[in-house]
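Undergrad: here is my input; please provide its structure:
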Amino acid sequence: MNTKGQYRRLIRAFFCGVLLLIHGALFWKVWTDFYSNGMDIQFYRRGHWLFLGMYLFGLFSLVQIYGGWKVGYLRVFNVIFSQAIGIFVINIITYLAIVLLTKSIPNALYLLLMTAAQILVTIPWALISNRIYLTAYPPRRVLMIYGDRPAMSLMRKITSRTDRFTVAGKIPIHCGIEMIERQIPKYEGVVICDIESHERNQILKYCYEKNVRAYVLPKISDIIIRSCESQHMFDTPMLMARNEGLTIEGKAAKRFEDIVLALLLLIIFSPFMLLIAIAIKLEDGGSIIYRQERLTIDRKHFYVYKFRSMQENAEHDGKARLAAAHDCRITKVGKVIRAIRFDELPQFVNILKGDMSVVGPRPERPEIAEEYENKIPEFAYRLKVKAGLTGYAQVYGKYNTTAYDKLKLDLMYIQNYSIALDLEIILKTIQTMFTRESTEGMEEGEDIALGP
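TA: All right, here's what the predicted structure looks like:
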């Protein structure tokens, strides 16, 4: 049995602890030297320590959401980027807290300098930590087990992360379970692609018995089972899947959340929306808002509002298609607002009307949804909840993620809904807005992303 991997989390925790100590020291210096004296009633010593603890807890939590502690898991750039977003957001929140504590508008320069220093410290920390981690834990040699055809899409994704995985072997399921079980001990893990449940279960049990790590592509039924509740009515274990979408109290809480957030975000983004409207009008004199028919809960049709980012009559032939990677139909203003997702801002009005939620599966056009469902009938499962402005598939997938993968991501959200999960997705959307690959278009010649 290989016990070396058991210490991975301890090493990551040590790296995280070192960086948190540095962040804490910088914050303590700035707070005590430049801001704490501005309060009418001074803290006792414990009050300062409490404020420091709250700051570090908030910083840790935000960076955790953005993935900034995943040394050796994410690429170095992504770790630094995630850290920077977490630092920036917590420092904005901290400045607002300082405003309340001091009952004034203090000079933000010192917090800005602290933010810059924290980000600069993060760069060598990420480089050194990643180097040490990968030296201790080189890429894992895995065996890929596939079905009737090789999973080429998954192969491309795995081979793009040679810092984490090396596909050292591939074997089709038709070689037989006995042959596969003889091969597994030669590797440090297995990747189980979309194969029949019977064979997959045999391989999983074997890996469990032999303490071999297994990476499994989930089926839709797996995602449903993950959210089941344990039942202890008898002396036989039983799982219950409600299969009803959100509960009545979940729907009420989500509607309240939608109204509050939509109003708040409309107020915050209204200056940007005004500037975008002016820019669109000045560029070609065309319409500012683009209306497009989409699907939401229970297959209801509605018109989604967006800032127009393409030329007028971009689909003059009447055929629905997703934007390509270098689509000539996109205007100059459109390229900018699409890159940062600001073309979606008018959808706050859809949210207030009740057509959409802030968080949920992205609404598809009826004709594109029909094409998806012809090949993947389960794609309609996404309509158990309202469509959303942002969603699980948007923060963990990309614009051109295949329909089947989008479906699985959205079902993971539907089956595990909570307000806390909504908050996590909203916070991660900030990160996604500045991640180029999340807005990649389709390859030339592709109209929709069906996938294998």
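Undergrad: mind listing the strands for the stretch 351-452 of the chain?
TA: Using DSSP state E, counting those that start in this stretch, the strands of the stretch 351-452 of the chain run over residues 356-359, 387-390.
Undergrad: likewise the chain?
TA: Using DSSP state E, the strands of the chain run over 140-146, 165-172, 189-192, 213-216, 229-231, 238-240, 289-295, 301-307, 356-359, 387-390.
Undergrad: average pLDDT across the fifth one?
TA: What it means is strand 229-231. The pLDDT scores in strand 229-231 average 83.
Undergrad: partners of that strand in the sheet?
TA: Its sheet considered, strand 229-231 pairs with strand 238-240 (antiparallel) by DSSP bridges.
Undergrad: neighbouring contacts of the partner strand?
TA: Contacts to strand 238-240, defined as CB atoms under 8 Å, 6 or more residues apart in numbering, come from residues 225, 228-232. Using the backbone N, CA and C atoms, a C-beta is placed for each residue, glycine as well.
Undergrad: switch the cut-off to 7 Å
TA: 225, 228-231 (CB atoms under 7 Å, 6 or more residues apart in numbering).
Undergrad: ok, back up a step: for the strands of the stretch 351-452 of the chain, which one sits closest to Glu344?
TA: strand 387-390 (6.1 Å; CB to CB).
Undergrad: circling back to that earlier point, out of the strands of the chain, nearest to Leu246?
TA: Here strand 356-359 is closest among the strands of the chain (CB to CB), at 9.9 Å.
Undergrad: one step back: just the strands of the stretch 351-452 of the chain: most buried one?
TA: Counting by mean count of other CB atoms under 10 Å, strand 356-359 has the highest mean neighbour count of the strands of the stretch 351-452 of the chain, with a mean of 26.
Undergrad: note down every partner strand of that strand and its orientation.
TA: Strand 356-359 has these strand partners (DSSP bridges): strand 387-390 (parallel).
Undergrad: need the residues that contact the partner strand.
TA: In contact with strand 387-390 (CB under 7 Å, 6+ apart) are residues 294-296, 344, 347, 351, 356-363, 425-426, 429.
Undergrad: so for that strand, mean pLDDT?
TA: Strand 387-390 comes out at a mean pLDDT of 94.
Undergrad: mind checking how far Leu154 is from Val167?
TA: Separation of Leu154 from Val167 (CB to CB, to the nearest Å): 10 Å.
Undergrad: CA atoms only: put stretch 254-267 into PDB for me.
TA: Extracted C-alpha coordinates of stretch 254-267, given in PDB (Å, rounded to 0.1, in the frame of the first residue of the first chain):
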ATOM      1  CA  LYS A 254     -34.300  31.400  -4.100                       C
ATOM      2  CA  ARG A 255     -36.900  33.800  -5.300                       C
ATOM      3  CA  PHE A 256     -36.200  36.200  -2.400                       C
ATOM      4  CA  GLU A 257     -32.400  35.800  -3.200                       C
ATOM      5  CA  ASP A 258     -33.100  36.600  -6.900                       C
ATOM      6  CA  ILE A 259     -35.100  39.800  -6.200                       C
ATOM      7  CA  VAL A 260     -32.600  41.200  -3.600                       C
ATOM      8  CA  LEU A 261     -29.500  40.400  -5.800                       C
ATOM      9  CA  ALA A 262     -31.000  41.600  -9.100                       C
ATOM     10  CA  LEU A 263     -32.000  45.000  -7.600                       C
ATOM     11  CA  LEU A 264     -28.600  45.400  -5.900                       C
ATOM     12  CA  LEU A 265     -26.600  44.400  -9.000                       C
ATOM     13  CA  LEU A 266     -28.800  46.600 -11.200                       C
ATOM     14  CA  ILE A 267     -27.900  49.600  -9.000                       C
END
